[in-house]
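Enquirer: Predicted model follows, preceded by the sequence.
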Amino acid sequence: MTHVSARRGAVYVSVAATAWGTGGAAGSLLFETGGLGPVGVSLWRYLLGAAFLLALASRPSTIRGRVGTRLTWRVLPVGVGMAVYQTAYFAAIAHSGVAVATVVTMGATPVFTALGSRFLLRERLGRVALVSLAAALAGLALLTAETALQARTSSVAGIGFALASAAGYAGVTLFSRRHSDDPRGTAIGGFVVGAACLAPFALAEGVVPELSLATVALLVYLGAVPTALAYGLYFRALTALSATTVSIISLGEAVGAAVLGVVVFGEHLTLLAWSGCVLLLAAVAVLAARAEAG
């Protein structure tokens, strides 16, 4: 595996976060044009993501060998974790709405990751990372505060599901950081296992999309960019950066999603929300510029 420098790892996870920020919009459009539910979209996302990564592998047989032998047991917790945090996030939305689910999940993820990184991986949380984490969380709060306050009353179950989603995402990050010798194999195996976990629920919900040019284009985009590209870079970044650093930089996804909502869907951001975007991006930029290998 080619060595990835800390600076390049920061670029990788920044690009991944930007790509993830477009995934929600693509999924929302698929709900409308493809007649798919959230779990069905997730299933296609994982399956297509695995297919694209396999197609891009220079020696597919070697990658399949790694997934089928040396990494067999490792892809199981990764795939289960991916299925858990995806399903729990949708459950949180159902109980508490998109705004609250997003705030709790994205806010809790780097905190869980930082704690796990310190006590499980023995990674030191430096002063820059600590300040960046606080600033990023403050920016996230400003960005989403008005929407969250306008949302309907949150249920205990909704917040619980959001915290479970954050824990699942943090678990995948920590485990992948601990076992980071084959990032491509981990991504492919994780997608396949995650898809297998989601398949029964997707079949009950409806898994066959309404075929049209728009639906096919959206599925290809979702599988290629916010999934294969983003997760491929994310797992590569974990070979060079600490789990906490990757988790904090990933919060840039919230800014990308917010800007895309304004540009594509005509949504409106208040001055407070724009201030949150600036603060969050500043925190991510400082941490990325000062990135050090964990």
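Expert: Perfect, thanks for sending it. Numbering: from 1, shown residues only.
Enquirer: which residues in the stretch 1-150 of the chain form helices?
Expert: Ranges of helices within the stretch 1-150 of the chain are 6-33, 38-56, 60-68, 72-96, 98-119, 127-150, based on DSSP state H, counting those that start in this stretch.
Enquirer: so how far is L218 from E205?
Expert: Using Cβ to Cβ, to the nearest Å, one gets 18 Å for the distance from E205 to L218. For glycine as for every other residue, the C-beta is placed from the backbone atoms N, C-alpha and C.
Enquirer: where does the stretch 51-200 of the chain dip in pLDDT?
Expert: Segments of the stretch 51-200 of the chain classed as low confidence (criterion: pLDDT under 70) are 58-72, 97-99, 147-154.
Enquirer: Now do the end-to-end distance for stretch 171-186.
Expert: End-to-end distance of stretch 171-186 (Cα to Cα, to the nearest Å): 14 Å.
Enquirer: If we go by neighbour counts, what in it is buried?
Expert: Along stretch 171-186, these residues count as buried under the neighbour rule (16 or more other Cβ atoms under 10 Å): 171-177, 179-180, 182-186.
Enquirer: Repeat that for stretch 192-204.
Expert: Counting neighbours by 16+ other Cβ under 10 Å, one finds that the buried residues in stretch 192-204 are 192-195, 197-199, 201-202.
Enquirer: Among these, which ones are in helices?
Expert: Among the buried residues of stretch 192-204, the ones falling in helices (DSSP state H) are 192-195, 197-199, 201-202.
Enquirer: Report the two of those residues separated the most.
Expert: Using Cβ to Cβ, the pair of those lying farthest apart is V192 and F201, separated by 16.2 Å.
Enquirer: re the thing from before, in helices, which of the buried residues of stretch 171-186 appear?
Expert: Using DSSP H, the subset of the buried residues of stretch 171-186 located in helices is 171-177, 183-186.
Enquirer: will you turn those residues into TSV that also has distance to L260?
Expert: Supplementary listing: these in TSV, determined by distance: Cβ to Cβ, whole Å:
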residue	distance to L260
G171	28
V172	24
T173	24
L174	29
F175	30
S176	26
R177	28
P183	27
R184	27
G185	31
T186	28
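Enquirer: before we move on, back to that, from the buried residues of stretch 192-204, pick the one nearest L30.
Expert: Minimum separation from L30 among those (Cβ to Cβ) is found for A202, which lies at 13.0 Å.
Enquirer: any idea of the pLDDT on the spatially closest residue to the closest one that is not a sequence neighbour?
Expert: The shortest distance from A202 to any residue that is not its chain neighbour, by Cβ to Cβ, 6 or more residues apart in numbering, is 4.1 Å, and that residue is L43. The model reports L43 with a pLDDT of 93.
Enquirer: cool, and G34?
Expert: According to the prediction, G34 has pLDDT 87.
Enquirer: just checking, it touches L218?
Expert: Yes - in this structure G34 lies within contact range of L218 using Cβ atoms under 8 Å: 6.9 Å.
Enquirer: E205 and L218: who's more crowded?
Expert: Just comparing E205 and L218: by other Cβ atoms under 10 Å the higher neighbour count belongs to L218, 24 against 15.
Enquirer: who touches that one in this structure?
Expert: Under the criterion of Cβ atoms under 8 Å, 6 or more residues apart in numbering, the contact list for L218 reads 26, 29-30, 33-34.
Enquirer: Quick one: which of those residues is the most crowded by neighbours?
Expert: Of all these, the highest neighbour tally under other Cβ under 10 Å goes to L30, namely 25 neighbours.
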